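**Q** how would this look folded up:
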Amino acid sequence: MAAIAHNVVGLQHATMAIFNAWVDRAPVLVLGGTGPMDTTRRRPWIDWVHTANVQGNLVRDYVKFDDQPASLAAVPDALYRAYRSMCLEPTGPVYVCFDAAIQEDRVPAGLTVPDPKPYVETSRPGADPAALARAADWLAAAERPAIAVGRFGRHPESVPALAALAELLGAPVISSEERFNLPNTHPLNLSGADADVIRAADLILALDGWDLAQALNPRDGSGQTRPTLQAETKIVEIKLGDLAVRSWTHDFQTLVPTDLSIVADSSVCLGALTELVRERLPGRRAVGDQRRARWTARHDELRATWRREAAARAEESPIAVAAMAAAVWETIRDEDWVLAYHSHNPWPRRLWELDAPYRYASGPTGGGVGVGIGLAAGVALAHRNSGRIVVSLQADGDLLYCTSALWTVAHDRLPLLMVMHNNRSYYNSAEHAQRMAERRGRPLENHTVGTAIEDPLVDFATVARGFGIWAEGPIEDPTVLRPALARALEVVKAGCPALVDVVTQPR
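**A** Predicted coordinates:
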């Protein structure tokens, strides 16, 4: 992806989006400009207030590379190096700034632009063969292996490789929301039963875990992390995260002790690891079959439980988040659809059939609020001519940070179905305030101070219509939700955006 930020002011506005791209390890080529560095060429006022020394300082701590070429001839080298760095795993955003004087000058005679291919193409880093063999030995010998995955599925072609290893071992897979790692319909996808899987495991293979400490010690219903990992459980880790550590932003998370840590692109070496395991398993195939049967039964039970819970809450008002997700699913299930964004709503992964990598663009990624509408707009743009229905379960507080993106959605005629998860609160902060009030013996009713989005309530349907988007709501009655979603779907199928404002319970 390429993006252009307007000079100093544009870059300042873009800093949150660039940071979100950094936290998500998204490869974005950000291009910017500065007033003439040669002060004798600056026009009064505007060139002076639009010049910084050096502009890249503003984002240097959370981009992989930044540059400000001093001549037109130096531009290809800067861009090729930026592109190479951006695409090299682990990927991330880069920034290149162009002097206004260079942009406005005539191209000198004889200037040539070299072919980019020899400059930007690289291979992906593989694993130490001895370490990979050791990992295979341990996996083959394990009685209760499990697999925990984070950003492994960033390459869609890797998904079948993960399925093959899980099936070979009969190992359950737990997956973070960051990428599509394994279909949720796969019988060994046990996401949602993370604590059970971790507690039972004697060996865990962790692939591209961003926050391994949390992945191996899942939060309970109160939001607190509870130790789950058994002391004797071996951990084998394959990831490239250590190559993207910055001192300024501590998004690298807690350093977790492992029994074997392999610095490699997991998507490159997983096939080789699977074959090494296969060679070591001839006499143990029956054990894998037994494990597979046990975890398949648990998978089926889990999904049935979620369906029953959503059905039991179908008539609640304000509308239960589970019921909202179920209603959207019933509306789109016969279409070719894509889930662009879902905030922190777990119910699409529980109820929908996420059976192909393109179905799931991304989880609740980024480092702050405001990411949802931009991410959804980008996914809708990518799929605009595909005939697919792009759906975003849009959080209310998140949209308030970037309502101007609705104009972009309308202007570019992006066929995007936006369903508001409108709990009228910055609820993540409200939950934390609730826990602190309970801990400190303070009035519980004060947990909404500074977190409630009320007085006035936001009518998101009216906001959307103001940008030229078809909209309905706010909807609190569950009986009118499905008809409204059906009408919105027809608008999107006709090639235009639509928004349905659904007033929901907090979670």
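
**Q** Backbone dihedrals for the closest residue in space to R42 that isn't next to it in sequence, both of them.
**A** Nearest non-adjacent residue to R42, counting by Cβ to Cβ, 6 or more residues apart in numbering: P36, 5.1 Å away. Backbone N, C-alpha and C define where each C-beta goes, glycine included. In terms of degrees, to the nearest 10, the main-chain angles of P36 are phi -60, psi 130.

**Q** helix or strand right after the helix or strand where P474 lies?
**A** Assigned by DSSP states H and E, P474 belongs to strand 470-475. Using DSSP H and E, the helix or strand that follows strand 470-475 in sequence is helix 481-493.

**Q** Now do that following helix against strand 470-475, angle only.
**A** 160 degrees (axes from the mean of the first three to the mean of the last three Cα atoms, to 10 degrees).

**Q** Return the list of helices and strands in contact with helix 481-493.
**A** helix 321-332, strand 389-395, strand 416-422, strand 470-475, strand 498-503 (3 or more Cβ pairs under 8 Å, 6 or more residues apart in numbering; DSSP states H and E).

**Q** one more time with 6 Å, if that's ok
**A** If contacts are counted by 3 or more Cβ pairs under 6 Å, 6 or more residues apart in numbering; DSSP states H and E, helix 481-493 sits against helix 321-332, strand 470-475, strand 498-503.

**Q** Quick check: buried residues in that helix?
**A** Neighbour-count burial for helix 481-493, with 16 or more other Cβ atoms under 10 Å as criterion, is recorded at 481, 484-485, 488-489, 491-492.

**Q** Kindly report the same for stretch 231-241.
**A** Those would be 233-241, for stretch 231-241 by 16+ other Cβ under 10 Å.

**Q** Could you tell me which of those belong to strands?
**A** 234-239 (DSSP state E).

**Q** Farthest-apart pair in those, please.
**A** K234 and K239 (16.3 Å; Cβ to Cβ).

**Q** so the closest residue to R199 other than its chain neighbours, which of the three states?
**A** The shortest distance from R199 to any non-neighbouring residue, by Cβ to Cβ, 6+ apart, is to T228 (5.5 Å). The three-state label given to T228 by DSSP: H, G, I helix; E, B strand; the rest coil is coil.

**Q** I'd assumed A213 was in contact with T228.
**A** No. Between T228 and A213 there is no contact under Cβ atoms under 6 Å: 11.0 Å.

**Q** who's more crowded, these two?
**A** Neighbour totals were compared for T228 and A213, and T228 leads with 18 against 13 (other Cβ atoms under 10 Å).

**Q** Of all the helices and strands in the chain, which has the lowest average confidence?
**A** helix 212-216 (a mean of 83; mean pLDDT, DSSP states H and E).

**Q** Show me the contact partners of it.
**A** For helix 212-216, contacts defined as Cβ atoms under 6 Å, 6 or more residues apart in numbering pick out 148, 198, 206, 209, 229, 254, 256.

**Q** need the contact list for P90.
**A** P90 neighbours (Cβ under 6 Å, 6+ apart): 25, 240, 243-244.

**Q** In CSV: these, plus pLDDT and secondary structure.
**A** Below are the contacts of P90 laid out as CSV (pLDDT from 0 to 100; DSSP: H, G, I helix; E, B strand; the rest coil):
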residue, pLDDT, secondary structure
R25, 91, coil
L240, 92, coil
L243, 89, helix
A244, 88, helix
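
**Q** Put the buried members of those into a ChimeraX selection.
**A** Burial among those is assessed by 16+ other Cβ under 10 Å; the matching ChimeraX selection reads:
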select :25,240,244
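
**Q** number of nearby residues for the closest residue in space to Q103 that isn't next to it in sequence?
**A** Leaving aside its chain neighbours, Q103 sits nearest to G33 (6.6 Å; criterion: Cβ to Cβ, 6+ apart). Burial measure for G33: 22 neighbouring residues, criterion other Cβ under 10 Å.

**Q** shaky segments in the protein?
**A** Applying pLDDT under 70 to the chain picks out residues 219-227, 283-285, 363-367.

**Q** Break it into its domains for me.
**A** 2-120, 129-301, 313-503 (automatic domain parsing).

**Q** Any idea which of the ones you listed gets closest to R307?
**A** Minimum separation from R307 across the domains of the chain (Cβ to Cβ) falls at domain 313-503, 6.6 Å.

**Q** what about L416, neighbour count?
**A** Residues near L416, counting by other Cβ under 10 Å: 31.

**Q** OK, contacts around the nearest residue to it once chain neighbours are set aside?
**A** Nearest residue to L416 in three dimensions, chain neighbours excluded: A380, at 4.1 Å (Cβ to Cβ, 6+ apart). Contacts of A380 were listed using Cβ under 6 Å, 6+ apart, and they are 390, 414, 416.

**Q** For the helix or strand A380 falls within, C-alpha coordinates in CSV please.
**A** Per DSSP H and E: A380 is located in helix 371-382. The C-alpha trace of helix 371-382 is given here as CSV (Å, rounded to 0.1, in the frame of the first residue of the first chain):
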residue,chain,number,x,y,z
VAL,A,371,-8.4,2.3,13.1
GLY,A,372,-11.6,0.5,12.2
ILE,A,373,-13.2,2.8,9.6
GLY,A,374,-9.9,3.3,7.7
LEU,A,375,-9.2,-0.4,7.7
ALA,A,376,-12.7,-1.3,6.5
ALA,A,377,-12.5,1.4,3.8
GLY,A,378,-9.2,-0.1,2.6
VAL,A,379,-10.6,-3.6,2.5
ALA,A,380,-13.7,-2.4,0.6
LEU,A,381,-11.5,-0.7,-1.9
ALA,A,382,-9.5,-3.9,-2.5
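
**Q** Please find the angle between the direction vectors of that helix and strand 416-422.
**A** 160 degrees.

**Q** Buried residues of helix 371-382, list them for me.
**A** Here helix 371-382 shows 371-382 as buried, counting by 16+ other Cβ under 10 Å.

**Q** could I get those residues as JSON lines with distance to N53?
**A** As requested, those are arranged in JSON lines below (distance: Cβ to Cβ, whole Å):
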{"residue": "V371", "distance to N53": "30"}
{"residue": "G372", "distance to N53": "35"}
{"residue": "I373", "distance to N53": "34"}
{"residue": "G374", "distance to N53": "30"}
{"residue": "L375", "distance to N53": "33"}
{"residue": "A376", "distance to N53": "37"}
{"residue": "A377", "distance to N53": "34"}
{"residue": "G378", "distance to N53": "32"}
{"residue": "V379", "distance to N53": "37"}
{"residue": "A380", "distance to N53": "39"}
{"residue": "L381", "distance to N53": "35"}
{"residue": "A382", "distance to N53": "37"}
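
**Q** wait, which of these is closest to F180?
**A** Nearest to F180 among these, with distances taken as Cβ to Cβ, is V379, at 12.6 Å.
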